[in-house]
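Chemist: Everything below, folded, please.
(chains A, B, C, D, E and F, ligands or ions: 3)
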Amino acid sequence: MKLISAIIKPFKLEEVKEALAEIGIEGMTVTEVKGFGRQKGHTEIYRGSEYTVDFLPKVKVEIAVGGEIAEKVVETIVNAAKTGKIGDGKIFVLPIEEAVRIRTDERGEGAI
Amino acid sequence: MKLISAIIKPFKLEEVKEALAEIGIEGMTVTEVKGFGRQKGHTEIYRGSEYTVDFLPKVKVEIAVGGEIAEKVVETIVNAAKTGKIGDGKIFVLPIEEAVRIRTDERGEGAI
Amino acid sequence: MKLISAIIKPFKLEEVKEALAEIGIEGMTVTEVKGFGRQKGHTEIYRGSEYTVDFLPKVKVEIAVGGEIAEKVVETIVNAAKTGKIGDGKIFVLPIEEAVRIRTDERGEGAI
Amino acid sequence: MKSKKSLLFTALVLLGVFGSAIHGFAQEEAVAAAVEAAAPDEDYLALKTQYGETFDFFTTSVLWTLIAAGLVFIMHLGFATLETGLTRSKNSVNILFKNVFIICMGLLTYAVWGFNAMYPGWEGSGFFAMGSPLTMEAYGNTDFSYGGTALAMTGWADFIFQAMFAATAATIVSGAVAERIKLGSFMVIGTLLVMFLYPMSGSWKWGAGWLDGMGFYDFAGSTLVHAFGGFAALAAVIVLGPRKGKYLEGGRIRPILGHSMPLATIGVFLLFLGWFGFNGGSVLSANPEGISFVFVTTALAAAAGGFSSIFFSWILLKKPDLSMALNGILAGLVGITAGADSVTLWSSVVIGLIAGVLVVISILFFDKIKIDDPVGAISVHGVCGIWGTLAVGLPFFNGGNEDLSFFTQLIGTLSVAIFAFVGTFILCIIVKALMGIRVSAEEEDEGLDIGEHGQEAYPDFAPASR
Amino acid sequence: MKSKKSLLFTALVLLGVFGSAIHGFAQEEAVAAAVEAAAPDEDYLALKTQYGETFDFFTTSVLWTLIAAGLVFIMHLGFATLETGLTRSKNSVNILFKNVFIICMGLLTYAVWGFNAMYPGWEGSGFFAMGSPLTMEAYGNTDFSYGGTALAMTGWADFIFQAMFAATAATIVSGAVAERIKLGSFMVIGTLLVMFLYPMSGSWKWGAGWLDGMGFYDFAGSTLVHAFGGFAALAAVIVLGPRKGKYLEGGRIRPILGHSMPLATIGVFLLFLGWFGFNGGSVLSANPEGISFVFVTTALAAAAGGFSSIFFSWILLKKPDLSMALNGILAGLVGITAGADSVTLWSSVVIGLIAGVLVVISILFFDKIKIDDPVGAISVHGVCGIWGTLAVGLPFFNGGNEDLSFFTQLIGTLSVAIFAFVGTFILCIIVKALMGIRVSAEEEDEGLDIGEHGQEAYPDFAPASR
Amino acid sequence: MKSKKSLLFTALVLLGVFGSAIHGFAQEEAVAAAVEAAAPDEDYLALKTQYGETFDFFTTSVLWTLIAAGLVFIMHLGFATLETGLTRSKNSVNILFKNVFIICMGLLTYAVWGFNAMYPGWEGSGFFAMGSPLTMEAYGNTDFSYGGTALAMTGWADFIFQAMFAATAATIVSGAVAERIKLGSFMVIGTLLVMFLYPMSGSWKWGAGWLDGMGFYDFAGSTLVHAFGGFAALAAVIVLGPRKGKYLEGGRIRPILGHSMPLATIGVFLLFLGWFGFNGGSVLSANPEGISFVFVTTALAAAAGGFSSIFFSWILLKKPDLSMALNGILAGLVGITAGADSVTLWSSVVIGLIAGVLVVISILFFDKIKIDDPVGAISVHGVCGIWGTLAVGLPFFNGGNEDLSFFTQLIGTLSVAIFAFVGTFILCIIVKALMGIRVSAEEEDEGLDIGEHGQEAYPDFAPASR
Ligand SMILES: Nc1ncnc2c1ncn2[C@@H]1O[C@H](COP(=O)(O)OP(=O)(O)O)[C@@H](O)[C@H]1O
Ligand SMILES: Nc1ncnc2c1ncn2[C@@H]1O[C@H](COP(=O)(O)OP(=O)(O)O)[C@@H](O)[C@H]1O
Ligand SMILES: Nc1ncnc2c1ncn2[C@@H]1O[C@H](COP(=O)(O)OP(=O)(O)O)[C@@H](O)[C@H]1O
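Modeler: Ligands and ions are numbered 1, 2, ... in the order given. Modelled structure (predicted):
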């Protein structure tokens, strides 16, 4: 099993969710995060002092999936989240050793 | 070492924390998240337009533990967080390659 | 590739970011979290009832890096985030199997 | 499904209001004509000639009464923000909704029923007034001599000022029962409270009833409004039970923190401001000596209440506790309400200081005995309401005024408190039997905002609001 | 770069104001002397002797008008918090900024131009007043007889009260166009609206223009202020288009949730409070009968509006919807504004009840036809403004007053609504052509706070604020 | 442990207040009797006969003064929300607590000491008044002739109005020292400031002291209240030092963002509203010409200040900055305070426009020289306070009034500013030596809410509030 962790632009969340639903993904967990990356240099001014806002609002979407469909999920996210502009975000794929559904004690791929 | 990442219902956090304390777990990190899963279909209405709130408030608890007690931690969480109703959440176990305690530079299992 | 997940004190974020920039790290993702650990016992009172605030505000910094510089990143974070007081936080290193830059479809280390 | 019963109730109330309105129409033609006659561009000199030299004082008094009504109105916003701030964000929409409902319902029911029941129609047994509920003549007439020269105002001004007061009783309850009461049940209980129970005991004193006959004194309502609300709240809380997870085994108390101290603080400042209208308007004229004295006693008692509760809770609990400071200010205000016009100036300070200490002790006490009152309404309004009423009866505070008796004050405040408690208790028991009173444990966990309203207070992270 | 055009505009406006000020200086020496003569420590008995027995009523009336101006002022905070609460947090700084700008700009432009254009200088065609825009004599004189005894106030009191009203027109628009209009473009549109369009149609009635001549009645501005604002908003929204992502294919509507219900609720309570000044102050004296009647009708209509919208939306949408309850209160208030002094008492309840139902239907309707109005301004102010104006013409509501005709009311309200709509539409088209009217899709996604202001409303998680 | 010293102080102050109260009791029996004699249900015709034809004007004046006191009161909520909004959420409970404490403490100390020290007892050296601190006669009597006919009010009304002002001095300081001052130390400094320093320099002018003798003019306190507060703040900030992490090496400034712009905006609107009472109430009667003129100048200056700071900061900083717009409104208000009754109408606009520019420059300047003032209090109140006072002395603004001299204005404003600065500086040095003045670096990092109060402002994510 894999944990697919995608950092995307917040307003793309809805589209990503819908695209994933279409390929049958039924679960995910979303976190509000701030991202620091190449997309920066946008300078803000607060009461006269300039400062660079390096940290931009992003959303992290985490999806646990069976190994075989991981690639498809990644592609789906890429397609849905892409604007082509800098700051579109990243996807990281991590290995999961075990998964449990709390409600039923199910284990493994059946749990996700 | 393992990273146990549990997504649970928010109001279960206190119970999970206490259950973990009982088995000697001294550290964890908690994040407010929104979860999307089978538990859905609860339709909200805002100014006359219906919409499905797929994303429900959840809490993610992350606990780094030595490999040998991981299973016990998982079971403890399952027991404490279970309500038996849909949406109870998931637990994912990920491998950790290294752990460091910032204060002391300790490494490995001693750090957690 | 590695995912370096560091839990630090919130007011250390700026210093950590700057230290990482110096060693050429260009990207990271930051999450507001609450931490539970040895640093505790600070008792608060609300309307007369005592309670222990076990959960303290922390910040989680996640940085995906190529395997070879992971160690250097860890050391940099340790140095920048250390106050020597309890509660300084932890760093966990997790394996990443794949990374994708959404904007360009780049894969692997080039994507981060 | 769950809101079926609430809707049934709705239908009935709507019917009632419409019915009343229609009844009203029949009788007000004469009035409409009169209103027009006094349109603003009329020459006011004519009026002045008609009403002689009392006219200017009368005008100023009406103006003050109306402004005071506006100030009391803003107390409802104060209650709404205080209650919202001191509870969890998952229940905020519910609390705001209840407060919005209360002011709407309160004004309407007071118009169709409460005002006449409480004031002019006082005849009969002395225990329950049955004024002519729906006619305009009873309070809407245009006669400047309404209420005699002592009550220097039009019936309309009197009505709107009293109407703003009326809803307060239900508002006090709303904070104490927060985070667990069913919305529909609260709406039914609140409506019946404001429509029937409040005017009933209110008329005992302000409707020239049996307490008034005894010489009971309650200037602006420490007892008639606040103790009434506080003890109604106590009854409701007892029937409801504490919030889930508040009281743990072994007597351990798990505090449930309010979600926004800025909101709570805004609430208390607005209540403090509104109280100038609550007490100052109760002079019922613009008597310069009366209103300026009342402003001073009100402000000093509030300050003293905040002051003593800050230091008392600091000593007791080792920390300067903002929520206690806020409750202390309210305690001082409730305490001075009964005697704002009749205690001596320094007494107002002492009454406030004592109220500020009392409220802290009372909050800790009620928590000990597992009466779960999220905002401290029972302590602030109930306990300090009684304290303030009794203080008026003590020679030390009233400057030796022989008309005021501690014993009469005691009878008065206890009888109203008991009436409110018993009445509300019975009401709650009936509502509980008929439609249930408490949300399900699941809904309580999830929060009433989603459970009852399907709406979050701060939904910004909802995907729909990205 | 993007703010170049806005800055150009700035320069022009600043120039205009300074120019006006300089012009003003020349003419006010006499005034300054007079002011001094009436310094507060002067013996007021002299004034009293001078102005005879009307002096005290006059004094009280001026006081009330000024307090009413303060109450109308606080409506701007009400609008600011309501609009902020009902939109997303990524646009909050922008909305707050617009509201701050509007009140500043509104007061200044009304001083240099609007007041004279709307009121005293009514001469000529009957379609557009051209008062002497910058002289002090026209409204700033110290003559107590300004406006005759019927208008019992100084010119200054009249000015400040009317000035607080004026900015409202732009404020109403600001909510409807939120989350997508360019800041600079909004500032230009709002300024021209307040400076020219609002006084123009306002003068048709309140400047003794052609509508006044016809017998059109609009007590405090259901039409002249609210329908004007609502239909100006409609035009702006049509030119702008809906927010990105609001209307999906297949007729599906994706609601975009407001980010803070407590803020929205604070807004409505403040508006309710301020309305006592809006309507009560429109009596234009402290006539005790007039102001107390207006307070009662205003409060009852608001309560009725909230009441009926609560239950109507509950039945229709199956959930007790707080945002609908809030809009219902405002609907009742807008509805009663035209006739607060002239409908019968129970009519105010019925007008409010109907407004509360109407606003719910209207909000759903505009959403159906893809007019995207984030705060419901068009429905609340536009639709209920018309409703309230028409109600005054119905014998059922006005108690059979023969001076009021439904037909005249219809002509009046439609002509103002159409004027506001067409005027704003043309204005928006021109602004769109000259400087663009809508932010880029990217900026809309990112939020206007960062796009236009480089500032977040809640930047606590910004590293800079750790 | 850390709060030991604060508690010691507590004990002393409590003792003082109780002592005063007891002292007071002895002397007020006569008063209590008198109050009763004027109970509201008495026939006011008797009063009218007694006080002749001035009675109605007197009544209206008292009413206005009391309402103005209420408006000034709400400024404290304005300050509380503004300061909370412009600082970080980890210090919000602390700031709210300080503001709650200040109003409580301010009212009490002004009652037992300040009022008499500042006003009636002016005898002796001309540099420090020592009124009879605790007797009631000095200000609480019921004589309508208190203050003569020029001061048309009861002593009580005068007291409550002035008392609301008094606490403002400490409130201004509270914003500037936010996020790093020890709570106990602030409480001691604030108390001594309000109790002694403020009445002392206040009496130089308003207590008929040496500045008054020279012909210094300060209508409502640009200097006596605002410059005083601003320069006291400056001294405190210098002793305290800047917040950790604000000024980096190489002259780089790291802005520390406020956590809630909606809260800050609410604060400024409330301050704007309250200022109508601050300036309008300073007419000290309901003189219709005086109060209406003051309302207009106050509103126009505020609007002009907001307007010019919006555009000036936009040009200078390239972005429309909401926080600057807010400060600009306050700058205009502070600027007009000295001359609201005596400058010409258009001058009020120009004074505001200049204040709005000045405040932006001043904020940037103080940041350059590393004076860290989180809310801009020094610039708004200190700098613009001086500006407003000087403007009154310029013929261009005062319409050539020969009684006003620029030179006298300069002496007056500088002497008060220096007095406030030096006095507060010494006070802070002493407090620093005795009990420390700044929280530990660790506590500053963690936030004062947890450090000083053990309470979070928004604890919703705390497990206890799930
Ligand atoms: N090395 C990294 N580790 C973790 N997160 C990263 C890393 N690099 C980028 N990110 C995240 O991805 C987001 C987008 O990255 P950025 O470099 O701005 O643009 P792009 O994705 O187009 O290359 C960042 O805001 C950050 O949240
Ligand atoms: N595939 C997944 N990847 C990540 N998180 C998931 C996944 N499936 C479910 N979750 C998380 O678990 C929560 C509960 O899942 P849900 O399907 O609603 O109920 P249950 O746990 O009872 O099966 C979700 O709200 C979501 O946060
Ligand atoms: N086992 C763990 N798993 C996950 N996070 C942990 C763990 N132990 C500690 N943490 C995180 O690290 C933070 C600091 O830990 P703590 O024990 O308080 O101090 P120290 O890091 O000095 O040992 C905690 O607040 C928590 O967020």
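Chemist: Leaving aside the residues adjacent along the chain, what's closest to the closest residue to chain A within the stretch 1-150 of chain D?
Modeler: Residue of the stretch 1-150 of chain D nearest chain A, by Cβ to the nearest Cβ: D:Ser89 (15.4 Å). C-beta: built from backbone N, CA, C; applies to glycine. With Cβ to Cβ, 6 or more residues apart in numbering or on different chains as the measure, D:His259 is the residue that lies nearest to D:Ser89, at 4.2 Å, once sequence neighbours are left out.
Chemist: Stretch D:365-375 vs chain C: in contact?
Modeler: Yes - judged by Cβ under 8 Å from any Cβ of the partner chain, stretch D:365-375 and chain C are in contact via D:Asp367.
Chemist: So for that stretch, what gets flagged as buried?
Modeler: By neighbour count on 16 or more other Cβ atoms under 10 Å in any protein chain shown, the buried set for stretch D:365-375 is D:Phe366, D:Asp367, D:Ile371, D:Asp372, D:Asp373, D:Pro374, D:Val375.
Chemist: Quickly check: the helix or strand where D:Phe159 lies near chain E or not.
Modeler: Secondary-structure assignment from DSSP states H and E places D:Phe159 in helix D:155-166. Yes - applying Cβ under 8 Å from any Cβ, one finds helix D:155-166 in contact with chain E at D:Trp156, D:Ala157, D:Phe159, D:Ile160, D:Ala163.
Chemist: ok, so of those residues, who is nearest ligand 3?
Modeler: For those, the minimum distance to ligand 3 (Cβ to the nearest ligand atom) is 53.6 Å, reached by D:Ala163.
Chemist: wait, doesn't D:Val177 sit right on D:Val239?
Modeler: No - contact criterion Cβ atoms under 8 Å: D:Val177 and D:Val239 do not qualify, at 9.1 Å.
Chemist: So which of the two has more stuff around it?
Modeler: D:Val177 (29 against 20; other Cβ atoms under 10 Å in any protein chain shown).
Chemist: Quick check: that one vs D:Ala377, distance?
Modeler: The spacing between D:Val177 and D:Ala377, counted by Cβ to Cβ, to the nearest Å, is 9 Å.
Chemist: what is in contact with the two at once?
Modeler: D:Ala233 (Cβ atoms under 8 Å, 6 or more residues apart in numbering or on different chains).
Chemist: D:Leu333: what's it in contact with?
Modeler: Each residue near D:Leu333 by Cβ under 8 Å, 6+ apart is listed here: D:Leu271, D:Phe272, D:Trp275, D:Thr298, D:Ala301, D:Ala302, D:Gly305.
Chemist: where's D:Ala232 relative to chain B, distance?
Modeler: The spacing between D:Ala232 and chain B, counted by Cβ to the nearest Cβ, to the nearest Å, is 30 Å.
Chemist: what's the burial count for the residue of the stretch 201-350 of chain D found nearest ligand 3?
Modeler: Nearest residue of the stretch 201-350 of chain D to ligand 3 (Cβ to the nearest ligand atom) works out as D:Leu257 at 19.4 Å. Neighbour count of D:Leu257, defined by other Cβ under 10 Å: 27.
Chemist: Neighbour count, pLDDT and distance to D:Phe79 for the residues of helix D:155-166 next to chain E - can I get that in a markdown table?
Modeler: Formatted as a markdown table, these follow (neighbours: other Cβ atoms under 10 Å in any protein chain shown; pLDDT from 0 to 100; distance: Cβ to Cβ, whole Å):
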| residue | neighbour count | pLDDT | distance to D:Phe79 |
| --- | --- | --- | --- |
| D:Trp156 | 27 | 85 | 25 |
| D:Ala157 | 30 | 89 | 23 |
| D:Phe159 | 28 | 87 | 21 |
| D:Ile160 | 30 | 91 | 18 |
| D:Ala163 | 26 | 91 | 16 |
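Chemist: Nearest to F:Asp56, out of those: which one, please.
Modeler: Distance to F:Asp56, by Cβ to Cβ, is smallest for D:Ala157 among those, at 17.9 Å.
Chemist: ok, the closest one - contacts?
Modeler: D:Val62, D:Thr65, D:Leu66, D:Ala69, E:Pro288, E:Ser292, E:Phe295.
Chemist: Just say helix, strand or coil for the residue nearest to D:Ser89.
Modeler: Recorded secondary structure, D:His259: coil (DSSP: H, G, I helix; E, B strand; the rest coil).
Chemist: how much space is there between it and chain B?
Modeler: Applying Cβ to the nearest Cβ, the value for D:His259 to chain B is 13 Å.
Chemist: Got the phi and psi for that residue?
Modeler: Main-chain torsions, D:His259, degrees, to the nearest 10: phi -100, psi -10.
Chemist: how many neighbours does it have?
Modeler: Applying other Cβ under 10 Å, we find 27 residues neighbouring D:His259.
Chemist: any idea of the pLDDT on it?
Modeler: Per-residue pLDDT puts D:His259 at 92.
Chemist: repeat for the one 10 residues further on
Modeler: Reported pLDDT at D:Phe269 in the predicted model: 98.
Chemist: Let me know the pLDDT of the residue nearest to D:Gly382 when sequence neighbours are not counted.
Modeler: Spatially, and ignoring its direct neighbours in sequence, D:Gly382 is nearest to D:Gly230 (2.3 Å; Cβ to Cβ, 6+ apart). The score at D:Gly230 is 98. That number is its pLDDT.
Chemist: Please apply the same query to D:Leu45.
Modeler: D:Leu45 is given a pLDDT of 57.
Chemist: Longest helix of chain A, counting residues only.
Modeler: Ordering each helix of chain A by length in residues (DSSP state H) puts helix A:70-81 first.
Chemist: hmm, who's touching that one?
Modeler: The contact list for helix A:70-81 (Cβ under 8 Å, 6+ apart) reads A:2, A:4, A:6, A:8-9, A:12, A:15-16, A:18-20, A:22-23, A:25, A:61, A:63, A:65, A:88-89, A:91, A:93, C:98, C:100, C:102, C:105.
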